[in-house]
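Undergrad: Provided below are the primary sequence and the corresponding predicted coordinates.
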Amino acid sequence: SIHTQIINNSHFTKTLQKNNTITMDNNQKLTLLRAIAISSASSPIIIPFITQQSRAEAYSTLEEFKKCNEKIRVEVILELLQMERIQLPWDTSNHRQQLQQQQAVMIDVTAATKLYMLSVLQAFLKTRYSQLYNEADRLALRNATLVAARQLLAQSSSSSQQPQQSQSQSQSQDTNMNMNENEIRFLAVKIASLLADICIRDFPQRWTTFVSDIFVSPEQGGLWYVATTTMMTETSSGKGYGTMIGVKICLECLKVITEDCTDGDFNSKISTTRRNDVLIGLNEVNHQFIPLLYDLLSTQYSTLCDAKNTLLEMQKYLVANSRTIRQMTIEEKSMYDTQVKIKTNAGRIIADCLRTIEKFCQSMPCDWMLPNTSSSPSANSDFLSALLHLLREDTAKLQVLSVRCFQQLLQRKLEMQDWLKIISLLPQAISE
């Protein structure tokens, strides 16, 4: 077990620089975790202990970790990424009276640690990954990232199902055993970015199952879980993406891959051959995710409309009874807030989906969005009608995102029939 022991930073550096060091012991890992906790101020309980000197030492420790033996560094990263929860014992004896805590408390540094490890791993991918000739090493990095994604999905789902706490209750839980909404979202974006980086380097030759690994349900080991309206109602007391965080990761991952392989501002860092391999590979398997994106738009838009209609009926009821929203009973306010959260969450998911679709409209084959034959990936997915409907929706600025999608499409070299179809349908949609 890891005991509370402060180790001098120079000792940490000196030990890691030894040529015969092949692993980090628990005390060295503790020093690393302390440095992460201090540099990120990951818990209110440690703020009284943070000084200018401790910040400088923490920064030095983190920089030395980036320079230490590559094998040690990767081994520690993979270990910490696959830990469901990372807790750090913190000695509060010097401030025991003020904090009214025991001599040692456990603080949760899961989010801060994984964000740092993902950043270091991403830097390694961009500089040293191409030199990994051992397939087992590549597989280990990929699996560790997927494990971190699945753990985040489980954690976010669990957090969304917990009853909402008052501000005083949440502040009293100083150990902070659950990540907050911002931490979950930051981690999701970072994991998606790392998955995209791995995909760009390994798909489709080395990572043939990329799409089937993430665009399936959690029960099958994937990340794609779309909550039903009933589920969203039951978990609406939670904040953030909740059970839909896996969908957020998948959408962000596709967006980054498309950007890096097609956008002139990004693709200079990837060879032309590698870009073409990835794009051809995605085109071969797009039937596995294009219908999922359309179903996502359809279900979430339906959920959003139902919530808006319910809110409108509630407002009409109040007006009929000469009351305002501020005059609601506690039960009525709870029901009203639930619908507002459902509407907000559905709008957020649709917005994420449209940002990915915008990249498809800009650079990917046109038949992804506009089917020309029955074999097109979108043959049974009427994206055009969906985008036209969303032109009238102001939630989460969906109408602006829909306009961007049309703008990217109309700048392409479309078939005459597709161009005429869009031009003929736009006036009515705009007037509505």
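TA: Sure, I can see it. Numbering: from 1, shown residues only.
Undergrad: these two touch, right, Ile45 and Asp108?
TA: No - assessed by C-beta atoms under 8 Å, Ile45 is found out of contact with Asp108, at 10.5 Å. In short, each C-beta sits where N, CA and C put it, glycine included.
Undergrad: neighbour count winner among these two?
TA: Neighbour count, other C-beta atoms under 10 Å: between Ile45 and Asp108, Asp108 has more, with 22 against 19.
Undergrad: Could you report the separation of the more buried one from Ser54?
TA: 19 Å (C-beta to C-beta, to the nearest Å).
Undergrad: ok, now Ala320?
TA: Ala320 sits 62 Å away from Ser54, going by C-beta to C-beta.
Undergrad: Name the residue in those two with the higher neighbour count.
TA: Neighbour tally, Ala320 and Ser54, criterion other C-beta under 10 Å: the higher count belongs to Ser54, 16 against 8.
Undergrad: what about the strands in the stretch 1-150 of the chain?
TA: With strands called from DSSP state E, counting those that start in this stretch, the stretch 1-150 of the chain shows them at 87-91, 104-108.
Undergrad: buried ones in the first one?
TA: Put plainly, it is strand 87-91. 87-90 (16 or more other C-beta atoms under 10 Å).
Undergrad: Pairing partners for that strand, with directions?
TA: Applying DSSP bridges, strand 87-91 is found paired with strand 104-108 (antiparallel).
Undergrad: Chain neighbours aside, what residue packs nearest to Val147?
TA: Excluding the flanking residues, the one nearest Val147 by C-beta to C-beta, 6 or more residues apart in numbering is Gln82, at 4.7 Å.
Undergrad: Next, that neighbour: phi, psi?
TA: As for Gln82, its main-chain torsions (degrees, to the nearest 10) stand at phi -90, psi 0.
Undergrad: Find the nearest non-adjacent residue to Gln315, please.
TA: Here the residue nearest Gln315, using C-beta to C-beta, 6+ apart, is Ile325, at 7.6 Å.
Undergrad: If you could redo that for Asp197, that was the one I meant.
TA: Nearest non-adjacent residue to Asp197, counting by C-beta to C-beta, 6+ apart: Leu125, 5.0 Å away.
Undergrad: Correct me if wrong: that neighbour contacts Ala196.
TA: No - Leu125 is beyond contact range of Ala196, at 10.3 Å (criterion: C-beta under 8 Å).
Undergrad: So which of these two has more stuff around it?
TA: Shown here are Leu125 and Ala196; by other C-beta under 10 Å, Ala196 has more neighbours (22 against 18).
Undergrad: Go ahead and confirm that one touches Cys253.
TA: Yes - contact criterion C-beta under 8 Å: Ala196 and Cys253 qualify, at 4.9 Å.
Undergrad: Tell me how many other residues crowd the residue nearest to Gln315.
TA: Neighbours of Ile325 (other C-beta under 10 Å): 11.
Undergrad: where's it relative to Gly222, distance?
TA: Counting by C-beta to C-beta, the gap from Ile325 to Gly222 is 41 Å.
Undergrad: pretty sure Lys341 is in a helix, no?
TA: Yes - residue state for Lys341 (DSSP: H, G, I helix; E, B strand; the rest coil) corresponds to a helix.
Undergrad: Just the pLDDT for it.
TA: For Lys341, the model assigns a pLDDT of 93.
Undergrad: Equivalent analysis for Pro163, please.
TA: 57.
Undergrad: do the same with Lys126
TA: For Lys126, pLDDT reads 88.
Undergrad: wait, what's in contact with it?
TA: Residues in contact with Lys126 (C-beta atoms under 8 Å, 6 or more residues apart in numbering) are 197, 269.
Undergrad: Distance check, it against Thr344.
TA: 36 Å.
Undergrad: Ser402 - nearest residue in space that isn't next to it in sequence?
TA: Leu390 (4.2 Å).
Undergrad: Tell me who's in contact with the one you found.
TA: Taking C-beta under 8 Å, 6+ apart as the criterion, Leu390 is in contact with 301, 350, 354, 398-399, 401-402.
Undergrad: mind running it again at 10 Å?
TA: With contacts defined as C-beta atoms under 10 Å, 6 or more residues apart in numbering, Leu390 is in contact with 297, 301, 304, 350-351, 354, 398-403, 405, 429.
Undergrad: Same check on Met335?
TA: By C-beta under 10 Å, 6+ apart, Met335 lies in contact with 310-311, 314, 328-329.
Undergrad: quick one: which of those is nearest Leu139?
TA: Of all these, Thr310 has the smallest distance to Leu139: 48.0 Å, by C-beta to C-beta.
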